[in-house]
Each structure stands twice: as structure tokens, then as C-alpha cells.
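>>> Just the structure for this:
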Amino acid sequence: MKRGLGILLIALLAAGCRRLPEAEALPVVRPFPLRQGHTTRVEFQIEELRRGYGETLLIGLRAPDPPGDVDASDDEAEARFDSIRLRLRLWRHAPEGWHPVRLTQNVDSALDPGWRTVALEEGLTVGAQRATVDRLAFEAKGLPADPADCYTVSYSELVMPTAGVYRLEATLLDRGRAPATGWPVELVVTHPLPAK
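Okay, the predicted model is just below:
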């Protein structure tokens, strides 16, 4: 009897001391080749929110102007990103395992002018929105900040996320109007630039 209680106590202590999965601090940047079916997986940590900062998690892509396209207009660059279709899946770690997190996206509908927030059904994106990131956060982590000739767009936002460890899977479903080769696209997970 005593031995059984001892084993149970050890098991409970081990479960309570179980380490969280290794996770990277934000911002996270990964190469994202535009090959149909390609999936990039990342695990990251969201810290406790600070007043006036970090109220939104941005999941998006960034890339410089495509080769030979240095004179492309902002509208044309955004149209390329807008045509890309992704499947985004996000989970948050809890003591009992990974729990799915429902993502949303801001969209501008021609039928209903003005931005509105919609849920990503099955994680499928419905366009892209130009985004601005905090250059200092990237530089502090030793990552190249968003250069002047680089476009960053958001495919999903999570408002007021709970602190903790998250797992993201981003899968390319359709490259749309993106150049066939030579466009160094990156997956970006970060907080957007705080509002002044």
C-alpha cells in the first residue's frame, strides 16, 4: 500500500514538473517557399500583455519586390499577396495538451465596403492586409527589420491572446499571382507596431 502511494506521488510530482515545449520568443521569422502544399511549423511564446502593446498577434508573410519588379506599385505588390491562399492552424499549450485556437482575419468586402473581422473557416485565408511591424523588436532579436522595399502583410490576427506557448502550422494552398521563382518570402509571427 505504502509503495503504491509512493509511486503515485512520484508520478504526480513528475507531471507537475513537466516542462513546457521549447518555444521561441516573438517575433518569429521563417523562410516560406511558395510551393503548393508546403507547410511551415513554428512554436512560439506569447508573454504577458503590457499596457498599450501586444494586444494583437499578427500572422503574415513578407518579401521584397519580386525580381525585375522594382517599379511595381504598392497596389500591385499587395495584389500579389492578396492572391496567395494559406491554411493557418494555431494551438495553445495547456497542462492537458494542445488546444485549437480560432483565428480571424480583417477583410474589405466590395459588397459591404469597410473593414470587418471574419473567422477563418477551416483556417483558410481570404486575402491579405498590409501591416506594419515594430522594427525595434526585430532588431533586438537580431532579425533583419522590415526594410523600406519589403512588404509585410497579415493573413490573420488574434486579438488579446492569452500568454503561453503556441504552435502554428502555415500551409500554402495557392500561390496566386506570386512569381514562380526567386521571390524570398518569409512567414512572420509578431505583434504589429503599437498604436501611438
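>>> need the contact list for the residue positioned nearest the centre of the chain.
Against the mean C-alpha coordinate of the chain, by C-alpha atoms, centre = their mean, the closest residue is Ile59 at 2.6 Å. Each residue near Ile59 by C-beta atoms under 8 Å, 6 or more residues apart in numbering is listed here: 88, 90, 103, 154-158, 168, 170, 187-189. No exception for glycine: its C-beta is placed from N, CA and C like everyone else's.
>>> Which one of the residues you listed sits in the busiest neighbourhood?
Greatest neighbour count in the contacts of Ile59, by other C-beta atoms under 10 Å, goes to Tyr155: 28 neighbours.
>>> List the residues that contact that residue.
59-61, 86, 88, 105, 125, 127-128.
>>> again with Pro184
Applying C-beta under 8 Å, 6+ apart to Pro184 gives the contacts 31, 63-64.
>>> Give me the phi and psi for it.
Phi and psi for Pro184, reported as degrees, to the nearest 10, are phi -80, psi 80.
>>> cool, Glu76 as well?
Backbone torsions of Glu76, given as degrees, to the nearest 10, read phi -70, psi -40.
>>> go on, Thr40?
In terms of degrees, to the nearest 10, the main-chain angles of Thr40 are phi -110, psi 130.
>>> Would you mind measuring from it to Glu48?
With distances taken as C-beta to C-beta, to the nearest Å, Thr40 is found 26 Å from Glu48.
>>> The two: which is more packed in?
Ranked by neighbour count (other C-beta under 10 Å), Thr40 and Glu48 place Thr40 first, with 15 against 8.
>>> That one contacts Leu34, doesn't it?
No. If you go by C-beta atoms under 8 Å, Thr40 and Leu34 don't touch, sitting 11.4 Å apart.
>>> Adding distance to Ala119, secondary structure and pLDDT, write the contacts of Tyr155 out as TSV.
Output for the contacts of Tyr155, formatted as TSV (distance: C-beta to C-beta, whole Å; DSSP: H, G, I helix; E, B strand; the rest coil; pLDDT from 0 to 100):
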residue	distance to Ala119	secondary structure	pLDDT
Ile59	14	strand	95
Gly60	17	strand	94
Leu61	20	strand	94
Leu86	15	strand	96
Leu88	12	strand	96
Gln105	8	strand	86
Thr125	12	coil	93
Gly127	14	coil	87
Ala128	17	coil	89
